[in-house]
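1. Okay, sequence plus prediction incoming.
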Amino acid sequence: MIRLAALLWLALATTAAACEAVSHRDRAFTVCTADLAIHDIALRLNGADGRALGTFVALETVTDAPIAFAMNGGMYHQDRRPVGLYVEDGREAKRIVTSAGPGNFGMLPNGVFCVERGRARVVESRAFAARPPACRQATQSGPMLVIDGALHPRFLPGSPYLNLRNGVGASADGRRVHFVISDEPVTFHEMATLFRDVLGLRDALYLDGRVSRLYAPALGRADPGRRMGPILVVTEKTDG
């Protein structure tokens with residue numbers, strides 16, 4: 001069953017930046033894929049006025065290149081400031097947090113989604129702090145969903161805790177990045193096994209729940225909801 005799902009995913013992934021419906025363990029997900037040969041990935045938080053963009057409509061006003069898709073990009077405080085590490089266009093606005101704490105963010109191990117020049121990856125936070133890569137864009141969130149091929153140790157197959165959730169992971173060579181959002185409430189375990197067993201990723205990061213939202217113009221989809229903090233946006237390259 002897992003092999004069949006993986007083969008199905010490989011067939012779906014041949015379309016660049018496709019957002020595809022994927023069923024996993026009888027749960028509905030949407031998987032959007034960015035190919036860094038033809039797409040750029042950026043983080044956006046504030047507009048020119050210094051205030052948080054908060055919405056996909058506002059994101060459009062500050063984005064010149066065509067948007068392939070976008071989604072909420074990490075946990076944030078009530079004033080929409082990032083909870084953990086935040087790097088936008090090479091500038092670090094918030095330092096990394098490596099201590100355990102309350103909530104999903106503090107459920108160690110957590111991690112960082114990092115976009116370097118020409119590649120992207122998910123790195124466990126303490127490993128990141130010990131040897132920080134040169135990220136052009138980075139957002140810290142938690143918990144890790146998959147760590148070096150293993151599921152987070154606190155995930156339970158029969159957990160009763162269901163929620164809308166989204167996350168991100170990259171291929172081994174860092175050239176393809178998979179953004180996943182559940183289209184119905186799911187467990188951490190269900191989302192993590194999709195990244196590992198269907199997408200074949202060894203590392204994946206949880207971005208958030210409840211506030212999880214996707215903007216995919218090709219699907220005519222712009223999920224409503226509360227105002228966001230960091231937003232991950234995938235655009236078509238315009239420099240050839």
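-> In hand now; what should we look at? This structure is a prediction, so every number in the text was calculated from the model and none was measured.
2. Could you use CA atoms for every contact and neighbour count after this?
-> Noted.
3. Now for the closest residue to Gly229 other than its chain neighbours: which residues touch it?
-> Take Gly229 and drop its neighbours on the chain: the residue closest to it by CA to CA, 6 or more residues apart in numbering is Arg80, 4.4 Å away. Remark: with contacts taken as CA atoms under 8 Å, 6 or more residues apart in numbering, Arg80 is in contact with Ala52, Met228, Gly229, Pro230.
4. For the closest residue to Leu201 other than its chain neighbours, list the residues it contacts.
-> Excluding the flanking residues, the one nearest Leu201 by CA to CA, 6+ apart is Phe195, at 5.7 Å. Phe195 makes contacts with Val146, Gly169, Leu201, Ala204, as judged by CA under 8 Å, 6+ apart.
5. After the helix or strand hosting His189, which helix or strand is next?
-> Per DSSP states H and E, His189 falls inside helix 188-193. Under the assignment DSSP H and E, the closest C-terminal helix or strand after helix 188-193 is strand 204-209.
6. what sits up against that following strand?
-> 72-75, 110-113, 122, 141-147, 163-170, 192, 195.
7. Mind listing the strands it pairs with, and their directions?
-> Each strand that pairs with strand 204-209, with its direction, by DSSP bridges: strand 144-147 (antiparallel), strand 165-170 (antiparallel).
8. So for it, what gets flagged as buried?
-> Ala204, Leu205, Tyr206, Leu207, Asp208, Gly209 (16 or more other CA atoms under 10 Å).
9. Which helix or strand in this protein has the lowest average pLDDT?
-> Least confident helix or strand, the chain: helix 2-12 with a mean of 43, by mean pLDDT, DSSP states H and E.
10. Tell me the gap between stretch 225-239 and the middle of its chain.
-> Mean-position distance between stretch 225-239 and its chain equals 11 Å (CA atoms, centre = their mean, to the nearest Å).
11. Quick one: mean pLDDT over it.
-> Across stretch 225-239, pLDDT averages out at 93.
12. Give the buried residues for that stretch.
-> For stretch 225-239, the neighbour count (16+ other CA under 10 Å) marks Met228, Gly229, Pro230, Ile231, Leu232, Val233, Val234, Thr235, Glu236 as buried.
13. Skipping adjacent residues, who's closest to the residue nearest the centre of the chain in space?
-> For the chain, the residue whose C-alpha lies nearest the mean C-alpha position (CA atoms, centre = their mean) is Val168; its distance is 3.2 Å. Closest residue to Val168 apart from its sequence neighbours, by CA to CA, 6+ apart: Phe179 at 4.6 Å.
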